[in-house]
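J.: this is a predicted model, with the sequence first.
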Amino acid sequence: MPNNSDSTYLDNKTFDEIRIGDSSCLSRTLMPEDVKLFAILTGDFNPTVVDPSYTQSSLFREVIAHGMWSGSLISTVLGTQYPGPGTILVDQALHFARPVSIGDTITITVTVKQKFPHNQHVIFDCVCTNQDGLQVVRGTAEILAPLEKVRHLKRGDMPAVRIDDKHERYTQMLSRVKGLAPIPTAVAHPCDAESLKGAVMAFQAGIIEPILVGPESKIRSVAEENGIDLSGIRIVNAAHSHDSAALAVSLVRTGDAEALMKGSLHTDELMAEVVSRANGLRTCRRISHVFLMDVPTYPRPLLITDAAINIAPTLEEKADIIRNAIDLAHIIGIPEPKVAILSAVETVNPKIQSTLDAAALCKMADRGQIKGGILDGPLAFDNAISIVAAKTKGIVSAVAGHAEILVVPDLESGNMLAKQLEYLANALTAGIVLGTRVPIVLTSRADSAETRTASCVIAALIAHANRKNGTV
């Protein structure tokens with residue numbers, strides 16, 4: 001027999017081996033898929049725990065775990081750790097002190113309280129605390145202790161279970177503009193299937209009123225080839241892509257359009273007209289780009305900036321990039337976004353410019369030069385999005401592990417990060433340009449029609465906020 005220290009086996013404790021005061025613990029982080037899988041297994045689809053839109057008006061204003069998710073972890077400790085295999089749960093009484101939210105790390109501790117020799121029963125005190133040391137569940141569990149020694153080979157890792165709910169997340173994104181009037185949007189050079197389809201899908205969903213700007217014969221040819229219905233959509237004829245960009249920007253300047261959308265032309269063609277000092281769409285702010293990402297493995301929206309416009313932003317430019325992202329966060333319903341300023345490390349290093357910029361930006365926020373969000377940095381990516389990683393490194397921060405805005409050091413790192421999340425993590429993505437007179441839907445030419453439509457949702461929300469604030 002292998003020795004008792006062999007971690008490949010589960011060894012139990014019999015009734016006679018159990019001692020008053022013995023304890024065991026287990027830690028687990030609540031992930032979005034945990035909530036969904038628990039709901040599927042139990043049939044408990046209480047909107048408080050499974051419907052993000054409902055939770056915004058509920059008591060806790062965020063998705064929380066089913067109460068018995070924590071209770072089931074108590075059973076896990078008893079059955080797999082102490083006393084271990086052969087344990088039978090007889091009775092359980094629990095009090096739920098506070099909710100468990102997605103991203104919380106719960107530590108479950110069971111301690112032997114009483115033993116009853118006449119029936120081999122044992123009562124355990126059970127306490128569950130979160131990452132802040134606050135009690136979320138307390139109670140007792142009564143078990144029938146194992147009567148015989150058992151050594152059981154640990155089962156290998158269970159297969160990963162992932163629920164692909166991208167369509168559900170896409171539908172929820174579209175619901176953000178439900179009841180709002182469509183926004184007149186100049187679409188520059190939609191001369192391939194995906195860019196044209198994205199604009200038409202957004203039109204059919206009631207998000208925008210597209211004005212298609214480009215060679216009319218080419219646009220109609222693409223529509224016919226791909227079965228795209230252009231009924232009720234205005235087309236402004238343009239000679240070529242440069243002409244399309246100039247005409248689309250002029251439609252914004254004349255007030256015919258309240259948003260701008262990139263079609264199949266190159267980004268630099270469109271942005272050259274946008275940044276033109278004579279006829280462009282500049283404001284007092286630095287122009288920047290934000291990827292708004294709904295990542296299935298992360299419990300909150302992620303705004304990544306800047307990954308498309310500013311190649312190597314200066315400190316002053318980063319300040320405007322952050323201000324733009326905070327303004328967008330407010331518009332989409334995040335009242336005080338947590339802003340993580342990323343670098344390769346979480347300490348200030350004079351040899352790494354991004355750490356110096358992060359420290360300066362945080363001090364600017366302390367002095368009121370950047371308002372509306374909570375800033376922290378430098379933070380490495382793992383510390384920004386993982387409370388476990390932050391805790392392991394001893395980082396105490398309101399932002400670490402809970403970031404909603406990720407400020408990248410430069411365009412290259414941001415672009416790679418955003419595309420990794422989109423293509424490897426199945427993130428739902430929207431791309432928007434800020435700091436201009438109107439929002440600009442700016443996506444990659446490789447992006448799907450759904451990504452373009454999701455981006456139109458964000459543009460529409462910004463346009464309606466501009467109307468409300470009288471900036472149109």
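T.: All right, it came through fine.
J.: contacts only, for residue 28.
T.: Contact partners of residue 28, counting by C-beta atoms under 8 Å, 6 or more residues apart in numbering, are 73, 105-106, 108. C-beta coordinates here come from the backbone N, C-alpha and C atoms, glycine included.
J.: one more: residue 259?
T.: Contacts of residue 259 (C-beta under 8 Å, 6+ apart): 183-186, 208, 252, 438-441, 456, 459-460, 462-463.
J.: roughly how far does it sit from residue 327?
T.: 16 Å (C-beta to C-beta, to the nearest Å).
J.: again with residue 137
T.: Residue 137 is 39 Å from residue 327, where distance means C-beta to C-beta.
J.: looking at those two, which one has more neighbours?
T.: residue 137 (24 against 18; other C-beta atoms under 10 Å).
J.: run through the bridge partners of that one.
T.: Beta bridges link residue 137 to residue 96, residue 128 when assigned by DSSP bridges.
J.: okay but it is in contact with residue 95, surely?
T.: Yes: judged on C-beta atoms under 8 Å, residue 137 makes contact with residue 95 at a distance of 7.0 Å.
J.: quote the end-to-end distance of stretch 113-130.
T.: 22 Å (C-alpha to C-alpha, to the nearest Å).
J.: mind listing what the residue most central in space within the chain touches?
T.: Here the mean C-alpha position of the chain is nearest to the C-alpha of residue 301 (C-alpha atoms, centre = their mean), at a distance of 3.0 Å. By C-beta under 8 Å, 6+ apart, residue 301 lies in contact with 292-294, 332, 334, 404.
J.: TSV for those residues, including secondary structure and pLDDT?
T.: Formatted as TSV, the contacts of residue 301 follow (DSSP: H, G, I helix; E, B strand; the rest coil; pLDDT from 0 to 100):
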residue	secondary structure	pLDDT
292	strand	94
293	strand	92
294	strand	90
332	coil	92
334	coil	93
404	coil	96
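J.: residue 372: which of the residues you listed is nearest?
T.: Nearest to residue 372 among the contacts of residue 301, counting by C-beta to C-beta, is residue 334 at 9.8 Å.
J.: what about the closest residue in space to that closest one that isn't next to it in sequence, distance to residue 189?
T.: Spatial nearest neighbour of residue 334, excluding adjacent residues (C-beta to C-beta, 6 or more residues apart in numbering): residue 404 at 5.7 Å. Distance of residue 404 to residue 189, given as C-beta to C-beta: 33 Å.
J.: neighbour count: these two, which is higher?
T.: Neighbours were counted for residue 404 and for residue 189 using other C-beta under 10 Å; residue 189 has more, 29 against 24.
J.: next, give phi and psi for that one.
T.: Dihedral angles phi and psi of residue 189 (degrees, to the nearest 10) take the values phi 60, psi 60.
J.: identify the residues contacting it.
T.: Applying C-beta under 8 Å, 6+ apart, we find residue 189 in contact with 195, 213-214, 238, 241, 244-245, 248, 263-265.
J.: same question, residue 315
T.: Residue 315 neighbours (C-beta under 8 Å, 6+ apart): 357, 360-361.
J.: residue 280 too?
T.: If you count contacts by C-beta under 8 Å, 6+ apart, then residue 280 has 249, 273-274 around it.
J.: what about it, distance to residue 147?
T.: Residue 280 is 81 Å from residue 147, by C-beta to C-beta.
J.: returning to that earlier point: list the contacts of the residue nearest to residue 334.
T.: 300-303, 329, 334, 337-339 are the contacts of residue 404 under C-beta under 8 Å, 6+ apart.
J.: quick check, nearest of those residues to residue 367?
T.: Residue 367 has its nearest neighbour among the contacts of residue 404 in residue 339, at 15.4 Å by C-beta to C-beta.
J.: quick one, phi psi at the closest one?
T.: Dihedral angles (degrees, to the nearest 10) for residue 339: phi -110, psi 120.
J.: about what we covered before: mind listing which of the contacts of residue 315 are in helices?
T.: Members of the contacts of residue 315 lying in helices (criterion: DSSP state H): 357, 360-361.
J.: from the residues you listed, which is closest to residue 201?
T.: Of all the ones in helices among the contacts of residue 315, residue 201 sits closest to residue 361, with 37.9 Å by C-beta to C-beta.
J.: so what's that closest one up against?
T.: Residue 361 sits in contact with 315, 318-319, 322, 341, 370, 375, 377, 407, where contact means C-beta under 8 Å, 6+ apart.
J.: go with 10 Å
T.: By C-beta atoms under 10 Å, 6 or more residues apart in numbering, the contact set of residue 361 is 315, 318-319, 321-322, 339, 341, 369-370, 375-378, 407.
J.: give me the subset of these lying in strands.
T.: Those of the contacts of residue 361 mapping onto strands are 339, 341, 375-378, 407, per DSSP state E.
J.: what's the closest of those to residue 386?
T.: For the ones in strands among the contacts of residue 361, the nearest to residue 386 is residue 376 (14.2 Å; C-beta to C-beta).
J.: before we move on, back to that, any chance of the contacts of residue 301 in a markdown table, plus distance to residue 118?
T.: What follows is the contacts of residue 301, written out as a markdown table (distance: C-beta to C-beta, whole Å):
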| residue | distance to residue 118 |
| --- | --- |
| 292 | 63 |
| 293 | 60 |
| 294 | 57 |
| 332 | 62 |
| 334 | 58 |
| 404 | 57 |
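J.: picking up where we left off before, from residue 435, how far off is the residue nearest to the centre of the chain?
T.: In this structure, residue 301 and residue 435 are 20 Å apart, going by C-beta to C-beta.
J.: same thing with residue 381?
T.: According to C-beta to C-beta, residue 381 and residue 435 sit 25 Å apart.
J.: which of these two has more neighbours?
T.: Neighbours per residue, other C-beta under 10 Å: of residue 381 and residue 435, the larger number sits with residue 435, 22 against 17.
J.: how much space between the nearest residue to residue 360 once chain neighbours are set aside and residue 455?
T.: Once flanking residues are discounted, residue 360 sits nearest to residue 315: 5.7 Å by C-beta to C-beta, 6+ apart. Distance, residue 315 to residue 455, using C-beta to C-beta: 29 Å.
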